[in-house]
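> quick one: sequence plus predicted model below, questions after.
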Amino acid sequence: MRFTLSDARLLKESINILSELVTEATFKMTKNGMELLAIDPANVAMVDFKIFPEAFAEYEVEKEIELSVNLDNLKAILKRSKPEDNILVSLDKEKSRLKVELVGDGKRTFNLALIDMDREQQKLPSLKFTAKVILHASKFDDAITDMGIVSDSVALMAGIDKFSMKSEGNLSDAKVDFLISDNASVSLGKEEEVVARYAIDYLAKITKGSKLADEVCLNFANDYPLKVEYNVPGKLHLGFVLAPRVSND
């Protein structure tokens, strides 16, 4: 198993985001790319991550293999990469470790030990949503930061040609209304309005996906899980499923 990424940011920023939710993870390397499906320790959020073969300058996987690593340790290595660096990763089967090379003006080599993980096989839940919202990713990120000033949860509210976010604290509240335009859209099912509330601390970690993609896609329903997706066409998919906050929180 061996791969090379010429765009170091794709892996570096992805691991930064994933490590906010999951400490240890098992990546599946297949002919379809690099994949991760994991649930955070509190069982509140699920991560669905893929880097497709087309994103790599070199991608060699003879047969499907699983690689379990400590994400904080991997993040520390990737943090040392520069924007112009190529990232080369290969498997040392004998020593059960990954060889990570950062190649730019020079070459820096790190060896990351693989870990043993006892884990259940994960799969994405089958969910049916009634609202779909597409926004500029950085604006959604900013709005979550705004809402965090007031409370620890935020309500997402989708209506016909409108989308808003509202947060309420004991003494104050805040609201952001998004203008629906060519860069933002709302699609509804039969409902005229869809409302659901989610934890801001999780959303604050998830919205860091704006560092990778220009748009974010939100799928939700009344008091129902939220699916958040960031896509770099042909290169990367970063998705999350977040459990709702109960209405009496």
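Structure received.
> and S138, how many neighbours?
15 (other C-beta atoms under 10 Å). In this view, the C-beta of every residue, glycine as well, is placed from N, C-alpha and C.
> point out where the chain drops to low pLDDT.
Residue ranges of the chain with pLDDT under 70: 119-120, 182, 247-249.
> and the residue lying farthest from the centre of the chain, how far is that from F56?
Most distant from the centre of the chain: L171, at 32.7 Å, with distances by C-alpha atoms, centre = their mean. L171 sits 52 Å away from F56, going by C-beta to C-beta, to the nearest Å.
> cool, and A199?
Counting by C-beta to C-beta - A199 and F56 are separated by 35 Å.
> quick one: which of these two has more around it?
F56 (22 against 18).
> does that one touch F3 like I think?
Yes - using C-beta atoms under 8 Å, F56 makes contact with F3 at a distance of 5.1 Å.
> ok, how many other residues are close to the residue lying closest to S6 once chain neighbours are set aside?
Among residues not flanking S6 along the chain, A57 sits closest, at 4.5 Å (C-beta to C-beta, 6 or more residues apart in numbering). As a burial measure, A57 scores 12 neighbours (other C-beta under 10 Å).
> A57 reaches L5, doesn't it?
Yes - counting by C-beta under 8 Å, L5 is a contact partner of A57 at 6.7 Å.
> shared neighbours, those two?
By C-beta atoms under 8 Å, 6 or more residues apart in numbering, A57 and L5 have these common neighbours: N86.
> residues in contact with R245?
153, 197-199.
> ok, what's across the strand from the residue lying closest to it once chain neighbours are set aside?
Take R245 and drop its neighbours on the chain: the residue closest to it by C-beta to C-beta, 6+ apart is R197, 4.5 Å away. Beta bridges link R197 to A155 when assigned by DSSP bridges.
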